[in-house]
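1. fold the stuff below for me.
(2 chains)
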Amino acid sequence: MIRTLVSRLDPRGDRSGAGGNRPPGGVPREHTALPGSFPALTDPSPPPAWARLRRVARSPSYGPKAKVRLISCRPTDPAAKAFEHLRGHLLRSLPGNRMARIAVISPTPDCGSTFAAANLALSLSRISAFRTLLLDLNLPDPGLARAFDIKGTGPLEEMLTGARAPERHLFRIGETLALGLNDRPVKDASALMQGDEMWGVLDGIQNTLAPDITLIDLPPLLRDDTTRLVLPMVDGVLLVADGARTTSRQIAECERRLCDRAPLLGVVLNRAADVPSG
Amino acid sequence: MTALHTARHLLTSLRRRRFALVAIALVVTAFVLQGPKLAVIFAACALLLIDPNRPTIHTAEQMDRELGLRPVVSIPHFASPAEKLRTDRLHRFVRVASITALLVFFADWLLPFL
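-> Residues are numbered from 1 along each chain as shown, chains lettered A, B, ... in the order given. Modelled structure (predicted):
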């Protein structure tokens, strides 16, 4: 499998230095592209393919029909601060290249990986000129379309097999967030995810759209062994644990399976009994 | 002799048909286990079902202590409007069911007062 990330290395190199590529505090400011700040690393003019993506008319709602809590739509929500902190941590932890591909996974189903991926993508999309692509690769049990309360997204399988052009399936919310949603489960998801064809399509999407970060919602790590097998295809992993159902043994097992396959960028404790940190 | 025999037979049969109220039988109107005992047993069973020996990670400090791993963020639980609606309905159902169950369990105590 050909990785395009290596060829898309940041021309300015290391972002971790105190040089001036980073704003004070290390966290990018929202809706601003200050000279020398992290978002300025992004090409301010999006590629034509990105601009051609159809833009949905309505923004993700936080109404009674929302299946998960889209906290990022409500900046006053106390938990929105947690996602701002997570966004800052993720931007600091990104590998030294652009177009990073980050997987959001949980040990078992219903731990909140879809919730975390959706809200993190919305939080990242608030940074101007920082393009975020969110893909629902939890093919056996897709949930992002329900999370955003967007219907009729179509089967993602057609795009992943090359039967449908990505420009026809992907769409944008606002200027900086593109979504690849799926409204039906894929029967033979394991074979599709382990094949070169799907990752070739994803490499092509990253080449043409040039997102600064691609968030991928993957199946639970302890339930689907396919997730472990595709981990080398991502640059980092965010592990989402559920404070109401995840045990320490499950987290330890996830760490063991991640070992030498993908760097663990951080653990998110969802439904925690304590107050949000940061 | 025959008359005497008949008379004795008649007397015996009459005696047999004679009914007398010896004592009022107790009618079981409640469970063998009375209300409080049954409630305690139900509560114990519920506790066993709720906590089936799963040491879940509830807080960041607990994760740090048990795994040496500090979570980046802790997201507190907030219910979405849909979840809130479902929870309210569930709470209402549990409340009504609990009151009904209590009334049934303590019916034998409450009936004399009604």
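2. pLDDT wise, what is residue 4 at?
-> Unless you meant another one, I'm taking chain A. Turning to residue A:4, the model gives it a pLDDT of 36.
3. wrong chain, I was asking about chain B
-> Here the pLDDT value assigned to residue B:4 is 76.
4. does it sit in a helix or strand, and which one?
-> Using DSSP states H and E, residue B:4 sits in helix B:2-16.
5. how much space between residue A:197 and residue A:211?
-> 20 Å (CB to CB, to the nearest Å). C-beta: built from backbone N, CA, C; applies to glycine.
6. quick one: strands adjacent to the host helix or strand of residue A:237?
-> Here residue A:237, judged by DSSP H and E, is contained in strand A:236-242. Taking DSSP bridges as the criterion, strand A:236-242 sits next to strand A:100-105 (parallel), strand A:264-272 (parallel) in its sheet.
7. out of residue A:197 and residue A:211, which sits in the busier spot?
-> The neighbour comparison of residue A:197 against residue A:211 (other CB atoms under 10 Å in any protein chain shown) goes to residue A:211, with 26 against 11.
8. ok, back up a step: any idea of the mean pLDDT for the helix or strand following the strand holding residue A:237?
-> Toward the C-terminal end, the helix or strand that comes next after strand A:236-242 (DSSP H and E) is helix A:248-258. For helix A:248-258, mean pLDDT is 93.
9. contact partners of helix A:248-258?
-> Helix A:248-258 has contacts (CB atoms under 8 Å, 6 or more residues apart in numbering or on different chains) with A:105, A:107-108, A:221-222, A:228, A:231, A:237, A:239, A:241, A:264, A:267, B:55, B:57, B:63, B:66-67, B:69.
10. only the buried subset of these, as a PyMOL command please.
-> Selecting the buried subset of the contacts of helix A:248-258 in PyMOL, with 16 or more other CB atoms under 10 Å in any protein chain shown as the burial test, is done by:
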select buried, (chain A and resi 105+107+108+221+222+228+231+237+239+241+264+267) or (chain B and resi 57+63+67+69)
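11. which residues of the chain fall in strands?
-> Picking chain A for this. For chain A, applying DSSP state E gives strands covering A:54-55, A:100-105, A:132-136, A:171-173, A:177-180, A:213-217, A:236-242, A:264-272.
12. hmm, no, I was thinking of chain B.
-> Along chain B, counting by DSSP E, strands occupy B:73-76.
13. so, low pLDDT: which residues of it?
-> Within chain B, the stretches with pLDDT under 70 are B:1-2, B:10, B:14-21, B:26-37, B:47-54, B:78-82, B:114.
14. quick one, longest helix in it?
-> Scanning chain B for the longest helix, with DSSP state H as the assignment, gives helix B:81-105.
15. how far away is the most centrally placed residue in chain A from chain B?
-> Nearest to the geometric centre of chain A sits residue A:215, at 1.6 Å (CA atoms, centre = their mean). Distance of residue A:215 to chain B, computed by CB to the nearest CB, to the nearest Å: 15 Å.
16. per-residue pLDDT, that residue?
-> Value listed for residue A:215 in the pLDDT field: 96.
17. apart from its chain neighbours, what residue comes closest to it?
-> Setting aside the residues directly before and after it, residue A:215 is nearest to residue A:134 in space (CB to CB, 6 or more residues apart in numbering or on different chains), at 4.8 Å.
18. start to end distance for stretch A:156-169?
-> 7 Å (CA to CA, to the nearest Å).
19. same question, stretch A:138-152
-> First residue to last in stretch A:138-152 (CA to CA) measures 17 Å.
20. what residues of that stretch count as buried?
-> Per 16+ other CB under 10 Å, stretch A:138-152 contains these buried residues: A:138-150.
21. go through those and name the one with the lowest pLDDT.
-> Scoring the buried residues of stretch A:138-152 by pLDDT puts residue A:149 last, at 81.
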